[in-house]
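Peer 1: Here is a sequence together with a model predicted from it:
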Amino acid sequence: MNALASTFSGNLVVLGFPSNQFGHQTQEKDCEVLDLLKHVRPGNGYEPNFPMFSKLDVNGTAESEIFTFLKAALPYPSDDKGGNGADHITDMTVGQPMLWAPIRRSDITWNFEKFLINQEGRPVKRYSPKFPTEDMAADIQALIQNGPNALD
């Protein structure tokens, strides 16, 4: 995300929302998130060049309103990088229990799902966790060059 934020500086705003709903991978306190990124995962001095928010729920009865809005606009990823098609929810054979209820088809399936929102504040594309972040550049460029309806 840092590379995209730098490449499209002035034309793109990146926002990061940590969540602990995926395998309890984000158990640290909000004040520890930046240190974790810098020293552990991904480590090597990484510092996001975009705002990071407090941890929140992205699924279930306590999900944040922003994610209710995003998922209502785009119920599933536009790509098939999750490996099992757009309707893939989870592969329970990996041993990670679902940490929210109810489970909905539109739920975010794992860390690093991404939403692209156009210049008018309308969500226009949702990407699965395995979709390479750098591959979003073509869609971002299309919105910048051709306006908010470029991806319709």
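Peer 2: Yep, that arrived.

Peer 1: In this protein, what helix or strand scores lowest on average pLDDT?
Peer 2: Taking mean pLDDT, DSSP states H and E as the measure, the chain has helix 33-39 as its least confident helix or strand, at a mean of 94.

Peer 1: Can you report how many residues lie near the nearest residue to residue 69 once chain neighbours are set aside?
Peer 2: In space, residue 69 comes closest to residue 123 once its chain neighbours are excluded; the distance is 7.7 Å by C-beta to C-beta, 6 or more residues apart in numbering. Where C-beta positions appear, they are placed from N, C-alpha and C, glycine not excepted. Neighbour count for residue 123, taken as other C-beta atoms under 10 Å: 15.

Peer 1: Which SSE is immediately downstream of the least confident helix or strand of the chain?
Peer 2: Following the chain from helix 33-39 toward its C-terminal end, the next helix or strand by DSSP states H and E is helix 65-73.

Peer 1: Could you point out which residue ranges in the chain have low pLDDT?
Peer 2: 81-97 (pLDDT under 70).

Peer 1: In it, what residue spans correspond to helices?
Peer 2: When secondary structure is read from DSSP state H, the chain shows helices at 2-7, 33-39, 65-73, 137-146.

Peer 1: So which of these is nearest residue 22?
Peer 2: helix 65-73 (13.3 Å; C-beta to C-beta).

Peer 1: starting at the chain centroid, how far to that closest one?
Peer 2: When C-alpha coordinates are averaged (C-alpha atoms, centre = their mean, to the nearest Å), helix 65-73 and its chain have centres 12 Å apart.
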